[in-house]
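> Build me a model:
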Amino acid sequence: MAELIDGKQLAKKINEQTKASVTVLKARGIAPKLVVIIVGDDEASEIYVRNKHRKAVQIGIISETKRLPENTTQAEILSLIDQYNQDETVHGIMVQSPLPEQIDEAAITRAILPAKDVDGFNPENVGKLYSDSDQNYPVSCTPKGIMTMLKAYQVKLAGANAVIVGRSNIVGRPMAALLLNASATVTVVHSHTKDMSAYTRDADILVVATGIANLIKGDAIKPGATVIDVGMNRDANGHLTGDVDFDSVQPVAGKITPVPGGVGPMTIATLMQQTVELAKWSE
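Have a look, this model is predicted:
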């Protein structure tokens, strides 16, 4: 039976450390500030934004949420981002996805200054990640949080076979870069991969981020593997479930993240941590 990787408890510990860092920064006259821009009235986005705001306030981060109507133009969003880019009191800026169809998400990502890009999506920051730069730069929060989990649970990365299912810019690609930088041997599989399970069965570390509920079954897991489930799906009864079929995988894996209570809390904890890091680096 696999050991549970308790993201909720680890996030609590990270949040306490972040809160202590905020106290130190405020004593030096720096008050970390996060601005979240949300466009339209997507229900899931609203929940995420409220959770982020609540956690920021608990930690002592100044949190501002800017809500814009569904018909907001791209020019209006870009103008708002420019205002926050120039505001020295703002350390982190993020624009909540998904965005309405009239908005070019890539253009919005490029518009946020790399030094305020709390999501780590700006191409300049992505380039630093892929080149394993020794500079300070933000990294996509979910993969960065997963790396914190792997370290906390003493999962050996150097020389390990790491397989990532999914190639999104938010999880799959930055996760591959982080694991490669940590000297793992990395394979990325996706919807066009032939015989995906041939790869997953060879994985010492398996990260699954597809948005397809219960995609990975126990027979696709290497015995003793560390399984990280990034999925957040709703089943027919409205219950949260992951991309991994937990019941069949847990008896095979060595370590596994539950859904909920695994990766999710770590993503928000990492967002808070990274906001404070951006404030620190701005000195």
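> Contact partners for the nearest residue to Val259 once chain neighbours are set aside?
Excluding the flanking residues, the one nearest Val259 by C-beta to C-beta, 6 or more residues apart in numbering is Gly242, at 3.5 Å. From N, CA and C alone the C-beta is placed, and that goes for glycine too. Gly242 is in contact with Val208, Ala213, Asn214, Asp229, Val230, Gly231, Met232, Asn233, Thr257, Pro258, Val259, Gly262, counting by C-beta atoms under 8 Å, 6 or more residues apart in numbering.
> so where do the strands sit in this structure?
Using DSSP state E, the strands of the chain run over residues 3-4, 33-39, 62-68, 92-95, 161-165, 185-189, 205-208, 226-229, 233-234, 240-241, 255-256.
> Strand partners (parallel or antiparallel) of the fifth one?
Sheet neighbours of strand 161-165, with direction, are listed as strand 185-189 (parallel), strand 205-208 (parallel) (DSSP bridges).
> Just say which of the ones you listed is most tucked in.
strand 205-208 (a mean of 27; mean count of other C-beta atoms under 10 Å).
> what about that strand, average pLDDT?
In this model, strand 205-208 carries a mean pLDDT of 98.
> roughly how far is it from the heart of the chain?
Using C-alpha atoms, centre = their mean, to the nearest Å, the distance from the centre of strand 205-208 to the centre of the chain it belongs to is 14 Å.
> when you give positions from now on, start the count at 683
All right, first residue 683 from here; so that's strand 887-890.
> could I get that strand in PDB with only the CA atoms?
Extracted as PDB, the C-alpha positions of strand 887-890 are listed here (Å, rounded to 0.1, in the frame of the first residue of the first chain):
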ATOM      1  CA  ILE A 887       8.300   8.900 -10.900                       C
ATOM      2  CA  LEU A 888       5.000   9.400 -12.700                       C
ATOM      3  CA  VAL A 889       3.400  12.900 -13.000                       C
ATOM      4  CA  VAL A 890      -0.100  12.900 -14.600                       C
END
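> Where is the longest helix in the protein?
For the chain, the longest helix by residue count, based on DSSP state H, is helix 689-709.
> What residues sit buried inside it?
Gly689, Leu692, Ala693, Ile696, Asn697, Thr700, Ser703, Val704, Leu707 (16 or more other C-beta atoms under 10 Å).
> Pull the distance from stretch 712-723 to the chain's centre.
Averaging C-alpha positions (C-alpha atoms, centre = their mean) puts stretch 712-723 16 Å from its chain's average.
> where exactly do the helices run in the stretch 833-965 of the chain?
Taking DSSP state H, counting those that start in this stretch, the helices of the stretch 833-965 of the chain run over residues 854-863, 878-882, 928-931, 945-963.
> what is the rounded mean pLDDT of the last one?
Right, the one you point to is helix 945-963. 97.
> angle of that helix against helix 689-709?
Angle between the axes of helix 945-963 and helix 689-709 is 20 degrees (criterion: axes from the mean of the first three to the mean of the last three C-alpha atoms, to 10 degrees).
> packing partners for helix 945-963?
Applying 3 or more C-beta pairs under 8 Å, 6 or more residues apart in numbering; DSSP states H and E, we find helix 945-963 packed against helix 689-709, strand 715-721, helix 725-741, strand 774-777, helix 823-834.
> Make a markdown table from those and add distance to Gly848 to it.
Converted to a markdown table, these look like this (distance: least, C-beta to C-beta, whole Å):
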| stretch | distance to Gly848 |
| --- | --- |
| helix 689-709 | 18 |
| strand 715-721 | 25 |
| helix 725-741 | 19 |
| strand 774-777 | 21 |
| helix 823-834 | 11 |
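> Can I get the ones you listed in a markdown table including mean pLDDT and distance to Ile846?
Formatted as a markdown table, these follow (pLDDT from 0 to 100; distance: least, C-beta to C-beta, whole Å):
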| stretch | mean pLDDT | distance to Ile846 |
| --- | --- | --- |
| helix 689-709 | 98 | 18 |
| strand 715-721 | 98 | 27 |
| helix 725-741 | 93 | 23 |
| strand 774-777 | 98 | 23 |
| helix 823-834 | 98 | 9 |
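> Perfect, I'm done here.
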